[in-house]
Structure formats: C-alpha cells, structure tokens
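**Q** my questions concern the predicted model and sequence given below.
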Amino acid sequence: MGNCLFAGTRGRAGCGLRPTAAFRNCRRSPRRNGLAAVFLLVLESSLALVLLLSQLCWPQPASESINIQVQYDRSEGPIPPVWNYFGYDEPNYTYAPNGKKLLAELAAANEVPVYIRTHNLLTSGDGSASLKWGSTNVYAEDASGHPIYSWAILDRIFDTFQATGVKPLVEIGFMPEALSTHPEPYRHDFPRGRVNDIYRGWAYPPNDYRKWSELVFQFVRHLRERYGDAEVRTWLWEVWNEPDIGYWQGTPEEYFKLYDFSVEALLRALPQARIGGPDSTGPGNAKAAEFLRAFLEHCSHQKNYANGKVGSHLDFISFHPKGSPSWQGDHVQMGISRQLAAIEQGFRIVASFAEFRQTPIILGESDPEGCAACSAEKNPQNLYRNGPLYGAYSVEVLNCILALARAERVHVLGVVTWAFEFEDQAYFAGFRELASNGVDKPVLNAFRMLGLLGNQRVRVTSSGSLATEQIVRQGVREQPDIGAIATGKDGRLDILVWNYHDDDVPVSSAPINLVVTGLPATAKRALLEHFRVDSDHSDAFTAWKQMDSPQSPSDSQYLRLESAGRLQLLDSPAWVGMQKGGIQLHFLLPRQGLSLVRLSW
C-alpha cells in the first residue's frame, strides 16, 4: 500500500502532495533520448494518464480531513522522557560490533541518559551468547567452597556501556551454578524445544543466602571501584526478573528473602543506590496481580529476612506488561488492549498502598508480546516487527501510558522496550529487535522521533483521536487512532503525529489538516522540517525487499540499507510564513505511519 509505481523516491517527499508533483516524483529518470523522451512527453501531456498514475501512486484519501490543533502558548507541563529505556536477554551481545553500534545510536538519539537493562549478569558460563542466553562467570568456588570472583567478562559489558554513553539499569541475576540449589542441568538449548523449557539451574534459589549476599556485595563494590561514585550513583539497581513465573524456581517467600539479602548487600556496598523490584509479569492476570500486592505488602509491613526489621528498602516499583498480537490468516492484528489493561491494573495496585503512591514506577519490559527471541518463521504474528507498525504501536502505547499515569496519579519513571539486536541471525528474520545485522529497523526511527521531542508539553487536540479508556477496553479495532503529542523548547515546536490501527491491512492514507496557533507574534517565518516513518521512508525493510531480500548483501547494498534505515525527511527543509502567530499545514499520513513536524524560528 502506498508504494510508488517507479523506483527512486526514497528520501524525497513520498509521492508528493498534489497529483502533478506525485507524477514527477514517481516517474523514472533515465537519460532522455529518442523514444524515451517522446514517451515521457506523451505521458506528461495526457491528463488522463497523469490522474491514473497519481491514483495508483497514492491511496485515495478519506473524505474528511483529520483536524489537529496545536496551541503553542498553552503549556501543559513537562513531559517525562520515559521511552529512553531498553533491554535484552543476551549481555554478551553488548560488546559485539553491532551491539556497540546500536548502543551508541541509542545514546545519540536522546538528550537525556539512556538506560540499559540486561539479564544474565551473574550467570555462569564462558561468555558465549545464544538466543535468550548469556554469561559472565563472575562466581565459582574452589574445592573447599571458598568463592572465586572473576570480573573480566563483566567488565567488557560495563566498559561498553561507559564507552557508548549509556547507563545501566543493573539487574542482579541470575544464580551462579555453584550457588544453585538445583545446578544441573544448568544451560538451556533454546531455540530447540519450547520457550518454557529454558528454566534450568540458573533460575533456582541460592543454597546459601549469606554467600549470595557476599556475591552481591563484591559485585557492587567492584563496579563502584571501577567506575567511581559519581557515575554509579546515577545507575538504577533491581533484583532478579519475573519471579512470579519460571524465572524463579522458588516460592514467593524465597524471592522476598532473596530481595532482602540483595538489598542489604547492595546498600552496604553503595549506600546511595536506587533499588527496585519485583519486575514481575504484567498484573493483568490474577496471579501476577497477587504477587505484586504480596511483594508491596512485604516491603511495607512484613519482617525483613536480612536484618529482622519491618519492611524493605524500595526506591521504584517494576512490572512487565505485554500485549498479544495474533495472526488472522492474512494479516497481523495487534493486542494493545491486553498490554494497557495490565498497565492500568498495575498502576492501581501501586496507588492502593499509601506508602508507595508516589514511588516511581518502571515498566521493566513493556512490549507487544513476550518473546523477543521468537522469530516470525514459526510465529507469523511477529511479522509486525520488521515494518512501521512496531514503531506506531510503541508510540501509541507510550501516549496511553502517560495518560493512564495522569488518571491514576502515579509517577512513571521509565518504560523499558525489550528489544536490542541478535548476532549471527538472518536479515529481517522477525525477531523483536531495533536493528538487524547492524541495519536499523523502522521502530528505531520511531524512538529517534521521540528523542527529538522537547521537554515541555503544549496543548494539542485531534479530531481523529480515541479516548484512552476506549483503547484500554477495546483496543483500536474500528476507527484508527490518529493522535498527536506537541512539545515546545527554546524557539522550537515539535509535533509527533501517528495513524495507528490494530489491524495491519492496506487502507487509504489520512489527510491531516494541522493548525498551529499561539506562536510568537514577532516571528514572521519558521523553518519547517518534516520527518516521516512509513513503508517508503525510514524503512530499511522495504529497501531490503526491493533488493530481492539478500541474505549476503554486497558492500554497496549494505550501505544503501544503512542509509534507508536512518530517520528521513518527507521533503527538504523549507521556510514557511507565519500569519498572526499561526501556521497551517496539510499532508497525508499512511496507516501505521508517523510524522514529526518541527518548526524553528
């Protein structure tokens, strides 16, 4: 849908805003000689053919425009950059070439620090990585049971964080083989077998909580000594991952005990540490909701296993909401309602504790579904991950998260997108990742757009937006949600517009009528930059398919893919005039498309 009839439009204004411009942009540009020149002249002189080609190049717009009104002079307070959090299972990918490249790109895309969360920081092994696996081998024991600490692999991970300019959200886990109550078998062999078969010796409680506590102390002290107080005080810390399901092969009480001993050791090594948990699964189901309540009850009113006092230290609260896409036989249908319902329920559980109503919340994994390392080969519902839909979905969810936080009066600190990159995998295999073999996917450009937003929200309304409550209860199954966020900062206005629907099917683009008022009366013109993510812009997947999907692209092909994966302008920057502090713009926005309109004066 929306692809041009002819090649060569990437990086331009799509197919233009008028049929004649559409035809000029969409036609081929060979050297005009002989019959080719005559043929082009005949085409250009034929109004019927021009209309036909322009209709094929652009899907027919809906009859009614979507009116988006931005009032620059009506501030709505700061907007927290909750989107600058990312995570992944495989810590050893961190220092792989593509891992370093991606971390640096994430840091460059945001003016505020980017936080990285990763599993397996304490897992035993030789440092080799595979899907849903990684290791550092920081802990072993000699024949007498005395600890042996080794920081070499761990240092490679954290040195890379430092070098690329990101900060860790340090996850304390998993259980070293020498400390596990059930050490064998220890390593899983995913993707052979089922996802639920991965929970081996690394997921069990410690055979000695005092030894575990000392490991945590030595781990944190080493990081503090290596990177310095000023740096590590800016980090975030948490204990384990999803202890309400197979990641923890113990009881809830045993996890609470692990949490208490871990916190005691962490604060002993770094008294200023900001620590959270329990990073349980999304509380949209009764079991997960009860676990979150029980954890908060333990931290507020129950006996601390490590020091015997009442309660446990808790600086932020974390849980993992997930959606549920499904394959409809010919297209993907996203399950946004499930994810948002879990978020709403989690917010309400936190708010129900007077002690924690103002405690920051981190959504430790917030994703369209649950398995980043499950490709689309056997899971066609994961096909959304390669194209623009993943980015549009992410923006839609983030906007709803901010709305739900306002409604429930809770404080969201961060939203972790559990997606990174996978080494030694096929190009665009349908993993939940930000880049494929070093080639950025459209979803990464959605996050680049978010990173361009300012820090102060200004009022914006859209005639095409749906109520948050409706999206939580029903998803986006009938009319699309065409919404916008607008921010102002230092002589600049940024407007992020999206056209989202749960069903990824071809439809006409939406005509957008964007009206901006309240701009400074002294400014007579503004520089307009219009960034776009859709199937024709900022989309390396489309470019890869146009190359016949090479699994071993040539050097020149790879450079073209890299270029196609960058955030692109819909058209060249241009000066536009202001009249009485106002500007009006018109453009088409495809389904699952994103536009970032920036005005500077």
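**A** Thanks, I have it. Numbers count the residues shown, from 1 in each chain.

**Q** list the buried residues of stretch 149-167.
**A** Neighbour counts using 16 or more other C-beta atoms under 10 Å place Trp151, Ile153, Leu154, Asp155, Ile157, Phe158, Thr160, Phe161, Thr164, Val166, Lys167 of stretch 149-167 among the buried residues. (C-beta placed from N, C-alpha, C; glycine too.)

**Q** from those residues, which land in strands?
**A** Secondary structure from DSSP state E places Lys167 of the buried residues of stretch 149-167 in strands.

**Q** save the buried residues of stretch 149-167 as a markdown table, and put in distance to Leu413 and pLDDT too.
**A** Supplementary listing: the buried residues of stretch 149-167 in a markdown table, determined by distance: C-beta to C-beta, whole Å; pLDDT from 0 to 100:
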| residue | distance to Leu413 | pLDDT |
| --- | --- | --- |
| Trp151 | 29 | 98 |
| Ile153 | 29 | 98 |
| Leu154 | 25 | 98 |
| Asp155 | 28 | 98 |
| Ile157 | 23 | 98 |
| Phe158 | 22 | 98 |
| Thr160 | 24 | 98 |
| Phe161 | 19 | 98 |
| Thr164 | 22 | 98 |
| Val166 | 16 | 98 |
| Lys167 | 13 | 98 |
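
**Q** let's have the buried residues of stretch 149-167 in JSON lines, adding distance to Gln69.
**A** Listed next are the buried residues of stretch 149-167 as JSON lines, based on distance: C-beta to C-beta, whole Å:
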{"residue": "Trp151", "distance to Gln69": "56"}
{"residue": "Ile153", "distance to Gln69": "54"}
{"residue": "Leu154", "distance to Gln69": "52"}
{"residue": "Asp155", "distance to Gln69": "53"}
{"residue": "Ile157", "distance to Gln69": "47"}
{"residue": "Phe158", "distance to Gln69": "47"}
{"residue": "Thr160", "distance to Gln69": "45"}
{"residue": "Phe161", "distance to Gln69": "42"}
{"residue": "Thr164", "distance to Gln69": "40"}
{"residue": "Val166", "distance to Gln69": "37"}
{"residue": "Lys167", "distance to Gln69": "38"}
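
**Q** inside helices: which ones of the buried residues of stretch 149-167?
**A** Secondary structure from DSSP state H places Ile153, Leu154, Asp155, Ile157, Phe158, Thr160, Phe161, Thr164 of the buried residues of stretch 149-167 in helices.

**Q** let me see the contact set for the fifth one.
**A** Think Phe158. Residues counted as contacts of Phe158 (C-beta atoms under 8 Å, 6 or more residues apart in numbering) are Pro168, Leu223, Arg226, Tyr227.

**Q** wait, is the third one part of a strand?
**A** Going back to what we said before, that points to Arg226. No - counting by DSSP: H, G, I helix; E, B strand; the rest coil, Arg226 is not part of a strand but helix.

**Q** for it, give its distance to Ala163.
**A** 13 Å (C-beta to C-beta, to the nearest Å).

**Q** same question for the last one.
**A** For Tyr227, the distance to Ala163 (C-beta to C-beta) stands at 12 Å.

**Q** between the buried residues of stretch 149-167, which is closest to Tyr384?
**A** Within these, the smallest distance to Tyr384 is 26.2 Å, found for Val166 (C-beta to C-beta).

**Q** so that closest one touches Leu103, yeah?
**A** Yes - counting by C-beta atoms under 8 Å, Val166 does reach Leu103; the two are 5.4 Å apart.

**Q** output stretch 160-173 as PDB, restricted to C-alpha atoms.
**A** Listed next in PDB are the C-alpha coordinates belonging to stretch 160-173 (Å, rounded to 0.1, in the frame of the first residue of the first chain):
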ATOM      1  CA  THR A 160      31.000  -0.800  26.700                       C
ATOM      2  CA  PHE A 161      28.100   0.900  28.500                       C
ATOM      3  CA  GLN A 162      30.600   3.600  29.500                       C
ATOM      4  CA  ALA A 163      32.200   4.000  26.100                       C
ATOM      5  CA  THR A 164      28.900   4.300  24.200                       C
ATOM      6  CA  GLY A 165      27.400   6.800  26.700                       C
ATOM      7  CA  VAL A 166      24.500   4.700  28.200                       C
ATOM      8  CA  LYS A 167      23.800   3.900  31.800                       C
ATOM      9  CA  PRO A 168      22.900   0.500  33.300                       C
ATOM     10  CA  LEU A 169      19.700  -0.500  35.000                       C
ATOM     11  CA  VAL A 170      21.600  -3.200  36.800                       C
ATOM     12  CA  GLU A 171      19.600  -6.500  37.100                       C
ATOM     13  CA  ILE A 172      21.100  -8.600  39.900                       C
ATOM     14  CA  GLY A 173      20.700 -12.200  38.500                       C
END
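
**Q** any regions of the stretch 351-500 of the chain where pLDDT drops low?
**A** Residues of the stretch 351-500 of the chain meeting the criterion pLDDT under 70: none.
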